[in-house]
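[1] Based on what follows, work out the 3D shape:
(2 chains)
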Amino acid sequence: MDLAALKTQLKNFVQSMFEEGVLDNQFSQIQALQDSTNPNFVEEVITLFCNDAERIINEINRNLGYQNVDFSNLDSYVHQLKGSSSSIGANRLKLACANLRQASDERNKEGCLQALQLITCEYCLLRRKFQALLHLERSIVELETNQK
Amino acid sequence: MAPTSASGDQTSDKDNWDNGRLARRQQLLTKIVLRNKLKTIVFNGDTTCRVLEQVLLRSYGVQTQCVDNGRDAIALIAFGAKFNLIIIKKILPIINGLEAGNKADSLNGSGCKILGVTACSGESERQAFMAIGVDVFIEKPLDPEHLVPILRELDGE
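    Now for the predicted structure:
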C-alpha cells in the first residue's frame, strides 16, 4: 500500500473512532502534540495509558473479589481510571467509569460488578482499536523512513 | 470566580491528515510566546496524565517538573525551588494532593497560581479545592483552552 493510501486509511480509522464515541477531541490534542521533537508521542501515551488502565482494572477486580469490599479504596481507583481515560480522550471508557462510580457511591457490590464488566468490555474494544491504529502509524513511519 | 468545565473544542475533525496536522496543531495549541521563563510543578500520581500535561506545558516553553507524591512536592519547594504555577490533583500517594497543595502554596510565596485538576468535578471536590485556595479548578483533561489564559496572565506579570 502506498503512503498516501495508508495515511488516508489511518485518518478514516481515527475518524470512525470519533464517530463511534470511542474517542473524543482530547485525542486530537494528543495527536497535535506529536511532532519532530516528539515523534512517537501518540504511541508512548497509548502504551502508558494501557498499562495504567490494565493495572487499575485488575485492582478493581481484586477489590471486588473480597467479601467486604473497601468502597473508598475502590473509589480512588475509579477516580484514577476516569482521569486517565479523559486525559487520553477515551470517551466511552470514561463514561463507563461514571457507572462504576455511582454503584460504588451506593455501596452496591452487584452494581459494581456489572459496571466493571462494562468497563472491561470498553477497555478491550479500545485496546484493539489502539493496536490497529498503532500498526497503521508504524507502517506509515516505516514507509516514510524508507523513502528518505 | 474559578471556572469549572469539561474541555470542549469546536474544531471539525474532518481535516485532511497531512496539511491538517499542522493547521490542527496551530488551532489546538494556540501558539503563544512567553516572554518570561515560567516554571511549573505538577503534582500527579498518574503516569498517563502526568506525561500528557508535561508535554503540553513544555510545548508552550514552560519549564516543568513533575512529582508523583505529595511529600516530594513539598520537599522540592521547601528546598528553595520557586514556581509560577502549581498544578495539583487530589489523589496522590503518601500525602493527599490538597494537603500538599496547601503546604506548597504557603512555602512558595506570592505571584504563584494554583490550578486544581480533577477527574470528577462534584461540588464537594470543588469545595475541597477552593478551601485550599486554588485559583482555577478544572475537570480533566488539562487543555490549551484553560491553560493558555493562565500562562498569559502569569507571563504578563
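
[2] Show me which residues of the longest helix along chain A are buried.
    Using DSSP state H to define each element, chain A has its longest helix at helix A:109-147. Residues of helix A:109-147 classed as buried: A:109, A:111-113, A:115-116, A:118-119, A:122-123, A:126-127, A:129-130, A:133, A:136-137, A:139-140 (neighbour count, 16 or more other CB atoms under 10 Å in any protein chain shown). Backbone N, C-alpha and C define where each C-beta goes, glycine included.

[3] from these, which are also near chain B?
    Counting by CB under 8 Å from any CB of the partner chain, nothing from these sits close to chain B.

[4] hang on, isn't B:I132 packed against B:L115?
    No: contact criterion CB atoms under 8 Å: B:I132 and B:L115 do not qualify, at 12.0 Å.

[5] of those two, who's got more company?
    Taking other CB atoms under 10 Å in any protein chain shown, B:I132 and B:L115 do not tie; B:L115 has more neighbours (23 against 19).

[6] Show residues contacting whichever strand or helix holds the more buried one.
    According to DSSP states H and E, B:L115 maps onto strand B:113-118. Contact with strand B:113-118 is made by A:83, B:49, B:53, B:84-90, B:101, B:104-105, B:125, B:129, B:132-140, B:142, B:146, B:150, B:153-154, as judged by CB atoms under 8 Å, 6 or more residues apart in numbering or on different chains.

[7] how about the helices of the chain, start to end?
    With no chain named, the answer covers chain A. Under the criterion DSSP H, chain A contains helices at A:3-19, A:25-33, A:41-65, A:71-88, A:91-105, A:109-147.

[8] Actually, chain B is the one I wanted.
    Using DSSP H, helices in chain B cover B:17-29, B:47-59, B:70-78, B:97-108, B:123-131, B:144-156.

[9] would you list those in JSON lines and tack on distance to A:R62?
    Listed next are the helices of chain B as JSON lines, based on distance: least, CB to CB, whole Å:
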{"stretch": "helix B:17-29", "distance to A:R62": "38"}
{"stretch": "helix B:47-59", "distance to A:R62": "20"}
{"stretch": "helix B:70-78", "distance to A:R62": "25"}
{"stretch": "helix B:97-108", "distance to A:R62": "24"}
{"stretch": "helix B:123-131", "distance to A:R62": "26"}
{"stretch": "helix B:144-156", "distance to A:R62": "35"}
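
[10] how about the ones you listed in CSV, adding distance to chain A?
    As requested, the helices of chain B are exported to CSV (distance: least, CB to the nearest CB, whole Å):
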stretch, distance to chain A
helix B:17-29, 4
helix B:47-59, 4
helix B:70-78, 14
helix B:97-108, 11
helix B:123-131, 10
helix B:144-156, 7
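
[11] hang on, the earlier thing: in the strand holding B:L115, what's buried?
    B:K113, B:I114, B:L115, B:G116, B:V117, B:T118.

[12] How about A:A90: which residues does it bridge to?
    A:L23 (DSSP bridges).

[13] Which one of the helices of chain B lies nearest to A:S28?
    Nearest to A:S28 among those is helix B:17-29; the distance by CB to CB comes to 6.2 Å.

[14] Residue numbers of chain A in contact with chain B?
    Going by CB under 8 Å from any CB, the residues of chain A near chain B are A:7-8, A:10-11, A:15, A:18, A:25-26, A:28-33, A:35, A:38, A:41, A:44-45, A:48-49, A:51-52, A:76, A:79-80, A:82-84, A:86-89, A:101.

[15] Buried ones among those?
    Judged by 16+ other CB under 10 Å, buried ones among the residues of chain A next to chain B: A:7, A:10-11, A:18, A:25-26, A:28-33, A:41, A:44-45, A:48-49, A:52, A:76, A:79-80, A:82-84, A:86-89, A:101.
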